[in-house]
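**Student:** any chance you can model this:
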Amino acid sequence: MPGLLRGVARTAAVAGTATAVSNRVSRRQAGRWAQQDYEQQQQYAQQPAAPPSPAAPPPAAAPDDMTRKIEQLKQLGDLKAQGVLTDEEFERQKRLLLG
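**Tutor:** Numbers count the residues shown, from 1 in each chain. Here you go, the predicted model:
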């Protein structure tokens, strides 16, 4: 019986030590990750914001470009007439095409 008790006590001591070490390692690792996250947030906050790029004026439409746009508008009109496009889709595509 004393041998059994000694074995149980040894197992409890080893298990308790393993648990304590595991918890300590987990806390230390969590602290490291938190520190890295904090440092990354600080670096991100210190980066200067990029100045907005100036808006470029729309290019003048060339005659070929106008012909292409007219053809595309005709195609959109045909799709709408066939029921492929809804009124909202047609208007959105027309706005995109005409700028």
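
**Student:** quick one: buried residues of stretch 37-48?
**Tutor:** Of the residues in stretch 37-48, none count as buried by neighbour count, 16 or more other CB atoms under 10 Å. (Each C-beta comes from the backbone N, C-alpha and C, glycine too.)

**Student:** let me see the mean pLDDT of that stretch.
**Tutor:** For stretch 37-48, mean pLDDT rounds to 81.

**Student:** only C-alpha atoms, please: export it in PDB.
**Tutor:** Output in PDB follows, covering the C-alpha atoms of stretch 37-48 (Å, rounded to 0.1, in the frame of the first residue of the first chain):
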ATOM      1  CA  ASP A  37      -0.200  43.500 -31.800                       C
ATOM      2  CA  TYR A  38       0.300  46.700 -29.800                       C
ATOM      3  CA  GLU A  39       3.500  47.500 -31.700                       C
ATOM      4  CA  GLN A  40       1.900  46.800 -35.000                       C
ATOM      5  CA  GLN A  41      -1.000  49.100 -34.200                       C
ATOM      6  CA  GLN A  42       1.500  51.800 -33.100                       C
ATOM      7  CA  GLN A  43       3.500  51.500 -36.300                       C
ATOM      8  CA  TYR A  44       0.300  51.700 -38.400                       C
ATOM      9  CA  ALA A  45      -0.900  54.800 -36.500                       C
ATOM     10  CA  GLN A  46       2.400  56.500 -37.000                       C
ATOM     11  CA  GLN A  47       2.400  56.000 -40.800                       C
ATOM     12  CA  PRO A  48       1.500  59.300 -42.600                       C
END
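
**Student:** what's the pLDDT at residue 67?
**Tutor:** Looking at residue 67, the pLDDT reads 87.
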